[in-house]
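Participant: Using only what follows, build the 3D model:
(2 chains)
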Amino acid sequence: MEYNIKVWRQPNAKTKGHFETYHVTDVEEDASFLEMLDILNDQLIRKGVDPIAFDHDCREGICGACSLYIDGRAHGPDDQVTTCQLFMRHFKPGATITVEPWRSAAFPVIKDLVVDRQAFDKILQAGGFVSVRTGAAQDANTILIPHDDAELSMDAAACVGCGACVATCKNGSAMLFVAARVSSLALLPQGKPEAARRARAMVAKMDELGFGNCTNTRACEMECPKHVTIDHIARLNREYLKARFSE
Amino acid sequence: MADSKLVSKIPEGPLAEKWSKRKSEIRIVSPNNKRKLEVIVVGTGLGGASAAASLGELGYNVKIFCISDSPRRAHSIAAQGGINAAKNYQNDNDSVYRLFYDTIKGGDYRSREANVYRLAEVSAAIIDQCVAQGVPFAREYGGYLANRSFGGVQVSRTFYARGQTGQQLLLGAYAALNKEIAAGTVKSYPRHEMLDLVIINGQAKGIIARNLVTGEIERFGAHAVVLATGGYGNTYFLSTNAMNSNGSAAMQAWRKGAFFANPCFAQIHPTCIPVHGEQQCKLTLMSESLRNDGRIWVPKKMEDVLKLRKKEIKPSQIPEEDRDYYLERRYPAFGNLVPRDVASRAAKERCDAGYGVNETGLAVFLDFADAIKRLGHQKVEERYGNLFQMYEKITSSSPWEEPMMIYPAIHYTMGGLWVDYDLQTTIPGLYAIGEANFSDHGGNRLGASALMQGLADGYFILPYTIGDYLSHKFAEPKTDINAPEFDEAEKAVKERIAKIFAVKGTETVDSIHKKLGHIMWEYVGMARNEEGLKKGIEEIGKLREEFWKNVRVPGSNDEFNQELEKALRLVDFFDIGELMARDALHRRESCGGHFREEMQTEEGETKRDDENFMYVGAWEYKGEATEPELHKEPLKYENIKIATRNYKD
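Facilitator: Numbers count the residues shown, from 1 in each chain, chains lettered A, B, ... in the order given. A predicted model of the protein is given here:
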């Protein structure tokens, strides 16, 4: 198979970027999208062209590193997948495919398709944890959690921190990401004593770092590769309101 | 004969009292002195993140490094099936001793008794810790924790969070790390890669790291260094390891004097999605937990095999009596839940005999039809839903309708840096934890034990044992990063990078790495023999030469340069590959994942040679042009009867 790849090139954060189109050949039918980029890079290097930089690691859809905006959609045209789990069988042979980095003020471009997502780490550092010291825990079965609550908490905890929600949102909001963590913990008894502080601190940090506001367009849940739903945003809002009233 | 350079420091006394005894001897550093002490942790997987968080809580000044953009991306995140712990919540007569016994036996009697017992001892506390952190483990309807079984074991002791247990445990450790970063006790350096270890007066005192965004070569000093950098499975190019997983930190430590133990012990995981073509760069694991309910088979009749390959029939059309459930046939007692090495070799045996079920002849079936009938769609969905979805996305075939196709692939490395009971390497002040060390899994690791070891080392063992070393260090001044040893290490790193750019050849890094992978799989893979291993060593040498003549790394050091990162790692993979082959050649026995064709029983099972090889083989670096030297740490089993592994009855 052959494709034309129209891709964002930007040497570093300080230089302006632009699109370039490359022709990639000899792509096997079962290749993944990132394998196609590997093949293209191999061909570019042999031609003396600087290869395209992109973040990737586990290639199993779980590490959250890959982060490409493909033909106008975060993680491309398949549903509920990260870019690494997108396969070339979803594209017509010969198609021109547009590839961009996440576009968000809070995620500056490092090079080409690689962006800086440290803002996510900072939000979690503001309160996305239960303050238990190593060795201080009681026997695990003394904390009983109803089966359905554990499952719901797990639904939210499945977030891989890729940033597709932010890249997709017209406001550049990180509400789904923040909600995933706050909601996952809010559904469990652990960490209740610091729930109010957590909701306040994480929302404040999100605002401080330049993410936009949520206007409930639901675009984030449509593109979330792990299908984290905006129900969790509702739970975050509830947690946040409770926290404000308890001030 | 014990080797004077390998002092394992195993405490005297009864097995069950060794860890308590050691803890009581360990000197404690007072809180005001902890503040003066600095520790570098390299790697942010389960071991690194949990160690850094725990050390931070204790009051040490910690710096933690990872090559990813965030600590949360470390490859522990991809572990699927679960984590073992001797909780006995199922009342199936599980105990610390039984977990210890299963692990030693599963490792084919090549791991250290005292370390494994301690691992089993602290396992229960890990579950407590993770639950307290808010890890959403699977629950029964009464609200209690649920368990499942894993290979090589007859009890149900595996805790899990769907097929994403590694992710949830890592997010727990990452949250603990974030808590300490917020508290200011830990400073995080993402997108930094360690490129050398700095030794001053024989002690580990710091690292040289490359800032992967700017290319700047930076110096970091400390009173001790902890390597939590994972395994070296990517030597084979195709593996289930993440693309960026590498063995470079361990190799740098090796060249600076840390011994490397049992490098030939690599685990080949039986349930991976088969290779689809030459352009593939990554293999995907299907969790071992699937073997709880899935049944592995190939057709009995060759005519069915041929029809399957031509796609003339579907697997579900083959009648029950014409299927060979070969694991159930060969190992009635454990059936589909035999250990990984046994299951992998059995798949290879069937495929070598011509019964492979796909076009390449390198695949067997993993079938859920019975489980779906027995348990119903919803239960199966709950247990394996995300794995089924992942399989379907990759292969465009639905496990709900037709069996999965699987084949063995490199997954984990049991070998690693040699460490003593305190997890200290042969370099004072340098520690290795998790997959990066060798100590707990012998010749074969049991499923759901990697997560257990990473967190045991990081939360409960290293934070204590490192104190013993640091208790002698608080009076020492901070490490001076302008010392000549740092100058020298930095210079060597810069020269290595310049040398790579200077080649200006025509071959890409990946294309050479693929060739290394082929050599490794062919000669140092699932079955090894003397002639092949010698040939492998020769081929690796030739390929290394080709690299230095013909590699092309574009761009410069002063930028974000992924090709340079890969090239630097490949240089180390050559050395690891050679060391693995050398170790496999010397170990003239079959044990665990190391199968020497010359040494097998009539039934094709591994044949150990306890008389001559019941030891840890630890290799010492002797210079670039000199062969490494082998040191032996004899293994003593005082609390377990040594037997031939038997999973038949």
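Participant: For chain B, give me the ranges with low pLDDT.
Facilitator: For chain B, applying pLDDT under 70 flags the ranges B:1-2.
Participant: Now the helix ranked longest in it: buried residues?
Facilitator: Secondary structure of chain B read by DSSP state H shows that its longest helix is helix B:562-586. The neighbour-count check on helix B:562-586 (16 or more other CB atoms under 10 Å in any protein chain shown) flags B:562-585 as buried. (Glycine included, C-beta is placed from N, CA and C.)
Participant: What of stretch B:600-614?
Facilitator: For stretch B:600-614, a neighbour-count test (16+ other CB under 10 Å) marks B:605-608, B:613-614 as buried.
Participant: Which residues does it contact?
Facilitator: Applying CB atoms under 8 Å, 6 or more residues apart in numbering or on different chains, the contact partners of stretch B:600-614 are B:108-110, B:341-342, B:345, B:349, B:587-592, B:595, B:599, B:634-635, B:642, B:644-645.
Participant: re earlier: inside helices: which ones of the buried residues of stretch B:600-614?
Facilitator: Using DSSP H, those in helices are B:F613.
Participant: Closest to chain A out of the buried residues of stretch B:600-614?
Facilitator: Checking these against chain A with CB to the nearest CB, the nearest one is B:T606 at 30.0 Å.
Participant: Give the bridge partners for the closest one, please.
Facilitator: When bridges are called by DSSP bridges, B:T606 pairs up with B:Q600.
Participant: gap between it and B:K473?
Facilitator: As for B:T606, its distance to B:K473 is 45 Å (criterion: CB to CB, to the nearest Å).
Participant: Of the buried residues of stretch B:600-614, which is the nearest to B:A527?
Facilitator: Lowest distance from B:A527 to these (CB to CB) belongs to B:T606, with 10.7 Å.
Participant: give me the number of residues near B:Y89?
Facilitator: 21 (other CB atoms under 10 Å in any protein chain shown).
Participant: can I assume it is in contact with B:G142?
Facilitator: No - in this structure, B:Y89 is not within contact of B:G142 by CB atoms under 8 Å, at 11.6 Å.
Participant: Now A:S32: closest residue in space, sequence neighbours ignored.
Facilitator: A:F87 (5.4 Å; CB to CB, 6 or more residues apart in numbering or on different chains).
Participant: same check, this time on B:M520
Facilitator: In space, and not counting its chain neighbours, B:M520 is closest to B:Y236: 4.7 Å by CB to CB, 6+ apart.
Participant: and that neighbour, what is it in contact with?
Facilitator: B:266, B:410, B:517, B:520-521, B:525.
Participant: Count the neighbours of B:Q164 for me.
Facilitator: As a burial measure, B:Q164 scores 26 neighbours (other CB under 10 Å).
Participant: how far away is B:G443 from chain A?
Facilitator: Going from B:G443 to chain A by CB to the nearest CB, to the nearest Å gives 26 Å.
Participant: Might you report the residue contacts of the residue minimising distance to the centre of chain A?
Facilitator: Central residue check for chain A by CA atoms, centre = their mean: the C-alpha nearest the mean position is that of A:C162, 2.0 Å away. Applying CB under 8 Å, 6+ apart, one finds that A:C162 lies in contact with A:64-67, A:75, A:82, A:225.
Participant: State the pLDDT value of it.
Facilitator: Note for A:C162: predicted pLDDT of 98.
Participant: A helix includes it, no?
Facilitator: No - A:C162 is assigned coil when assessed by DSSP: H, G, I helix; E, B strand; the rest coil, not a helix.
Participant: Sticking with the most centrally placed residue in chain B, tell me its helix or strand.
Facilitator: Centroid check for chain B by CA atoms, centre = their mean gives B:Y412 as the closest residue, at 3.7 Å. If you go by DSSP states H and E, B:Y412 is part of strand B:404-413.
Participant: does the residue nearest to A:V24 when sequence neighbours are not counted count as helix, strand or coil?
Facilitator: Nearest non-adjacent residue to A:V24, counting by CB to CB, 6+ apart: A:L40, 4.1 Å away. Three-state assignment for A:L40 (three-state DSSP): helix.
Participant: What count of nearby residues applies to A:L40?
Facilitator: Using other CB under 10 Å, A:L40 is surrounded by 22 other residues.
Participant: ok, now which ones touch it?
Facilitator: Contact partners of A:L40, counting by CB under 8 Å, 6+ apart, are A:5, A:22, A:24, A:52.
Participant: from the residues you listed, which single one is nearest chain B?
Facilitator: Among these, A:I52 lies closest to chain B (CB to the nearest CB), at 9.4 Å.
Participant: Now do the same contact list for residue 212.
Facilitator: Using chain A here. Applying CB under 8 Å, 6+ apart, the residues near A:G212 are A:169, A:171-173.
Participant: wait, chain B
Facilitator: Going by CB under 8 Å, 6+ apart, B:L212 touches B:67, B:191-193, B:560, B:565.
Participant: taking those residues one by one, which sit in strands?
Facilitator: B:192-193 (DSSP state E).
Participant: Ranking by neighbours, what's the top pick from the contacts of B:L212?
Facilitator: In terms of neighbours by other CB under 10 Å, the contacts of B:L212 top out with B:I67 at 26 neighbours.
Participant: circling back to that earlier point, could you pull up phi and psi at the residue nearest to B:M520?
Facilitator: The phi and psi values for B:Y236, taken as degrees, to the nearest 10, are phi -80, psi 10.
Participant: what do you get for B:S24?
Facilitator: Per-residue torsions, B:S24: phi -70, psi -20 (degrees, to the nearest 10).
Participant: Leaving out sequence neighbours, find the closest residue to the residue of the stretch 301-450 of chain B found nearest chain A.
Facilitator: Taking CB to the nearest CB, chain A has its nearest neighbour within the stretch 301-450 of chain B at B:K393, 5.0 Å off. Excluding its sequence neighbours, the residue lying closest to B:K393 (CB to CB, 6+ apart) is A:Q85, at 5.0 Å.
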